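> Take this sequence and fold it.
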Amino acid sequence: MANTEVEHQTTVDTTVKEPGLYKVIYVNDDTTSMEFVVQSLVEIFDYDEEVAYTITYDIHEKGSATVAVLPYEIAEQKGIEVTLSARSKGYPLQIKIEPNE
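Numbering: from 1, shown residues only. So this is what the prediction gives:
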């Protein structure tokens, strides 16, 4: 009997891909106060007040606005933080997380 050995070559791809980025979008409503929106942008997204007011105005005028573009896990966590804070104050503010295309 012949002894046959089979050799396998395997190539491993070691390329690390950057995580996908996602937009955090605030959706305007008639109940959530502009002060709360500004405060959340300053406290959760670390914007200074002037930039936070500009973003808040965009949300109000356009109906929604992207407030940050972040890796998915961070975008989701910040969206949850804002939502929990809004609900604790009785605001219905809606946050959407969408892929950044």
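> Can I get stretch 54-61 as CSV, trimmed to CA atoms?
In CSV, the C-alpha atoms belonging to stretch 54-61 read as follows (Å, rounded to 0.1, in the frame of the first residue of the first chain):
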residue,chain,number,x,y,z
THR,A,54,-27.2,75.7,15.2
ILE,A,55,-27.9,72.0,14.9
THR,A,56,-31.1,72.4,16.9
TYR,A,57,-32.3,75.1,14.5
ASP,A,58,-31.6,72.8,11.6
ILE,A,59,-33.6,70.1,13.2
HIS,A,60,-36.5,72.5,13.8
GLU,A,61,-36.4,74.0,10.3
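> any weak-confidence spans in this protein?
For the chain, applying pLDDT under 70 flags the ranges 1-3.
> quick one, helices of it?
All helices of the chain, identified by DSSP state H, fall at 34-45, 49-62, 72-88.
> out of the ones you listed, nearest to Asp13?
helix 72-88 (21.7 Å; CB to CB). Every residue, glycine included, has its C-beta placed from N, CA and C.
> what packs against the closest one?
Helix 72-88 sits against strand 21-27, helix 34-45, strand 64-71, strand 94-99, with contacts defined as 3 or more CB pairs under 8 Å, 6 or more residues apart in numbering; DSSP states H and E.
> could you check the angle strand 94-99 makes with the longest one?
Compare the direction of helix 34-45 with that of strand 94-99 by axes from the mean of the first three to the mean of the last three CA atoms, to 10 degrees and you get 40 degrees.
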